[in-house]
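J.: Just a sequence and a predicted model for now, questions to come.
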Amino acid sequence: LRDARTKKVRGDLCTVTIHPLWALLNRPSNFCSYFNPFPLSLQFNPFPFRVTTMAVVTVNTTVSTPTTTTSSIFSLSPNPKPFCFMLQSLKRHFPLSKSLKCVRPRSTSFSISCSTLASFPSELVVPSKLQYLAEEFRSLREPVERVKRLLHYAGAAPPMEEAGRVDANRVMGCTARVWVEVSIDEEGKVKVAADSDSEITKGFCACLVWLLDGSHPDEVMKVTTDDLAGLNVGFPGGTGRSRVNTWHNVLVSMQKRTKQLVAQREGKVPFEPFPSLVVTAEGVFPKGTYAEAQAKYLFPNELKVDELVNVLKEKKIGVVAHFYMDPEVQGILTAAQKQWPHIHISDSLVMADTAVKMAKAGCQFITVLGVDFMSENVRAILDQAGFSEVGVYRMSNESIGCSLADAAATPTYMEYLNAASRSISLHVIYINTKLETKAYAHELVPTITCTSSNVVQTILQAFSQVPDLSIWYGPDSYMGANIKDLFQQMTKMTDEEIAAIHPAHSQDSVRSLLPRLHYYQDGTCIVHHLFGHEVVEKIKEMYCDAFLTAHLEVPGEMFSLAMEAKRRGMGVVGSTQNILDFIKDRVQEALDRNINEHLQFVLGTESGMVTSIVATVRSLLEPAKSSPQRAKVTVEIVFPVSSDSISKTTSSSSSGLHSAKVGDIILPVVPGIASGEGCSIHGGCASCPYMKMNSLSSLLKVSHHLPDEENILSAYKAERFKLQTPNGKSVADVGCEPILHMRNFQATKKLPEKLVDQILHPQDSRRSIVFEGADICLGFSDEHH
């Protein structure tokens, strides 16, 4: 350029738009002065929002064919040997340029040729830009310098159109208001816009827009929140974490919108939203499938109710139903119960106990709405209690199976337990299995039953109470994998966090127990498997930008998702109180900002705590009603459960729930599992095709045909299993003991001494497992339910 200046060469125009090279802008004496004396104008756009890939630009002052160089990023030279500016340190970070436009100068003795050379592969575009951003911010040692850089980028970013600054485009989890808008152009490229009412946050947005705008959707989706770890911007102290979270939350919001647009372009059917409950200062409003389920429950068909009551009364029929019935059936049974008391909806643990009470009250028949092992258990306990003449009927002449219960009643499962019998072992079996299975297993290995609510505490307590213990969980391999994953995640927690889950454990103890924790590999429930994965995919698709919560003691699909959300300030993993405090704090922060907001919380635990959440949130929101200056804040509680799954909140069932009246609001039902024995928190069993065989029409059909003098219902009768174990003991006696062990544990938070003795002296215990099983089982049940 200096040579060209002495030759008085004048070019019409040379416009170059390149990456925001602050290292150059901060050296005007070394760089910009080369251009100032010339009518050549170098225009810097701090963010090339429309990006084309380019590795090297060479401008020669003599007419020649384009040449390439890898020794510099940008060079202007009067001879074939390029002169490099002070860009050597940045050459590996500058793969991009928006445009290069050169116009031949008037002088015929001087010409400029330009070329864009050595394009990067498209898959390296976003990673290269990400690397540049990370190194750029790392090079600024002082937090204030990083913030200044963000403020510069905020000033250079184009403003979002006012039409885009709407509540539907808001990003949750940011202390300032942030809007994100995403579209896909005709070439399939992602177009991104973002804005904020905070200049610093707007700088964050500008960086992410530059990073992702113009990329392919798969490039956008490949970026993870961990990739942004190097973009450490913020002042030391409390505000730094929230600013780091801004990067993450804006990215997640962009990715959510991108994924939805891609699915729409591909013609995919969108997911049906989970049932949810919206809490406002004015009231509480069920939404979507929750509203539909509640309507079915609250307003049953009165003619059907009357028909059912009349036939049950006439023929002295009792009804025991599992709470995995659909809302319509539960609604009719609940309404009929007001006129005929011998109707009970509960978990399987209580169904047999209740059937005995009904028989004592004079019922001649018991109809069971559940899977086959539940009716078999009812039959066995009635026989044991001396009511063998009372008929027990299922709702179909076909098998109403449960793949998990069936998996535990196989030779393969017994072989699994044979391996356990060779060491100091405890068998932890899921409660929803056959009584016969529990009895056979308990004779092989000391056994305790569990539910999804108490399995974690059962296992942790057993490991702490019995040295060198091995635990064998079954039969649900899906739940087993979730439990193992939960404990592996716990090894990354602090000792203090682990002690909050169980005071006898630490990082070291959790690591040491992992090799001694086994789970059955072949117990598959298709509903758990498919619906569990659907929960994960639906959350990633529709709720990834919402607040996620997970209960540490309820292993499930939400756990890992909530752990990731927690790292970016959008989630909590802990106890019921931890979840409640997290929701309360987020709502209070929104009220303090005094900006209209809609907060969305995905409740990754049993639904029983929703009443306390509603009460807490309403106590915070209600004062806003009397103040017109207050912003409108709404809170949506999302239940990641099957739309068919509901739980009654006003009965004194095994869940132990009290009235769900919250101020002037009554919640008669909640989606999912309120508490207790649910196979998993998502309540997928309510969608099980076997469970759906327990319909109202089936109940009416069976009831009308009783007492079945023509033997039409022979295939509907519950089967009687063998009354004795291989060791000659009573199946009811031996099968009830693991249930009693669990109930004892729930009452004392320790394994009962009898079970510990059975673990430490297995041979002796196998010779002495005889006791008054059924009677004790029934008595204990009455006390604790």
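T.: Yep, that arrived.
J.: contacts, neighbours, all on C-alpha from now
T.: Will do.
J.: Tell me how many other residues surround Leu599.
T.: 21 (other Cα atoms under 10 Å).
J.: likewise Glu557?
T.: 25.
J.: Could you number the chain from 443 rather than 1 from now on?
T.: Will do, 443 is the new start, and the previous item becomes Glu999.
J.: just checking, it touches Val977?
T.: Yes: if you go by Cα atoms under 8 Å, Glu999 and Val977 touch, sitting 7.1 Å apart.
J.: what's the average pLDDT for the helix or strand that Ile1025 is a member of?
T.: Following DSSP states H and E, the helix or strand that holds Ile1025 is helix 1018-1035. Average pLDDT, helix 1018-1035: 91.
J.: which residues are in contact with it?
T.: 991-993, 1014-1015, 1039, 1041, 1043, 1051, 1054-1055, 1058-1059, 1062, 1073, 1075, 1077 (Cα atoms under 8 Å, 6 or more residues apart in numbering).
J.: Restricted to helices, list the residues you listed.
T.: Under the assignment DSSP state H, the contacts of helix 1018-1035 contribute Ser1054, Ile1055, Thr1058, Val1059, Leu1062 to helices.
J.: Now list the buried members of the residues you listed.
T.: Ile1055, Thr1058, Val1059, Leu1062 (16 or more other Cα atoms under 10 Å).
J.: Identify the residues contacting the second one.
T.: Thr1058 makes contact with Lys1026 under the criterion Cα under 8 Å, 6+ apart.
J.: So what's the predicted local confidence for it?
T.: For Thr1058, pLDDT reads 89.
J.: Tell me how far it lies from Ala988.
T.: 19 Å (Cα to Cα, to the nearest Å).
J.: can you map out the helices along the stretch 893-1042 of the chain?
T.: 897-907, 919-932, 937-943, 949-955, 968-984, 1000-1009, 1018-1035 (DSSP state H, counting those that start in this stretch).
J.: again but with the stretch 743-892 of the chain, I slipped
T.: 744-757, 769-779, 790-802, 814-826, 845-850, 853-862, 877-886.
J.: among those helices, which is nearest Glu938?
T.: helix 853-862 (32.5 Å; Cα to Cα).
J.: can you list the residues that contact the closest one?
T.: So helix 853-862 is contacted by Ala849, Ala850, Leu868, His869, Ala883, Leu886, Val887, Ser912, Trp914, Pro917, Tyr962 (Cα under 8 Å, 6+ apart).
J.: redo that, cut-off 7 Å
T.: For helix 853-862, the surrounding residues in contact (Cα atoms under 7 Å, 6 or more residues apart in numbering) are Leu886, Val887, Trp914.
J.: right, and the last one touches Tyr961 too?
T.: Yes: taking Cα atoms under 7 Å as the definition, Trp914 is a contact partner of Tyr961 at 5.5 Å.
J.: is it fair to say Ala1174 lies in a strand?
T.: No: counting by DSSP: H, G, I helix; E, B strand; the rest coil, Ala1174 is not found in a strand; it is helix.
J.: Neighbours of Lys710, how many?
T.: Neighbours of Lys710 using other Cα under 10 Å come to 10.
J.: any idea how far Pro1082 is from it?
T.: From Lys710 over to Pro1082 (counting by Cα to Cα), the distance is 21 Å.
J.: now swap in Gly773 and tell me
T.: In terms of Cα to Cα, Gly773 sits 22 Å off from Pro1082.
J.: of these two, who's got more company?
T.: Relative neighbour count places Pro1082 above the other of Gly773 and Pro1082, with 30 against 24, counting by other Cα under 10 Å.
J.: quick one: the more buried one is in a helix?
T.: No: going by three-state DSSP, the assignment for Pro1082 is coil, not a helix.
J.: end-to-end on stretch 821-833?
T.: Per Cα to Cα, the first residue of stretch 821-833 is 8 Å away from its last.
J.: any idea of the pLDDT on Lys738?
T.: Looking at Lys738, the pLDDT reads 81.
J.: My read is that it contacts Gln772, right?
T.: No: counting by Cα under 7 Å, Lys738 sits too far from Gln772 to count as a contact (8.9 Å).
J.: Looking at these two, which one has more neighbours?
T.: Neighbours per residue (other Cα under 10 Å) separate Lys738 from Gln772, with Gln772 holding more: 24 against 18.
J.: State the pLDDT value of that one.
T.: 87.
J.: count of neighbours near the closest residue to it other than its chain neighbours?
T.: Leaving aside its chain neighbours, Gln772 sits nearest to Tyr739 (6.5 Å; criterion: Cα to Cα, 6 or more residues apart in numbering). If you count neighbours by other Cα under 10 Å, Tyr739 ends up with 24.
J.: Equivalent analysis for the one 5 residues further on, please.
T.: For Glu744, the tally of surrounding residues (other Cα under 10 Å) stands at 12.
J.: Show the end-to-end separation of stretch 806-815, please.
T.: Stretch 806-815: ends 21 Å apart by Cα to Cα.
J.: how deep is Lys1134 tucked in, by neighbour count?
T.: Counted with other Cα under 10 Å, residues neighbouring Lys1134 total 19.
J.: Correction: the previous question concerned Val810.
T.: 27.
J.: cool, the one 4 residues further on as well?
T.: Neighbouring residues of Asp814 were enumerated by other Cα under 10 Å; the total is 26.
J.: So for it, what's the nearest residue that isn't a sequence neighbour?
T.: Ile842 (5.4 Å).
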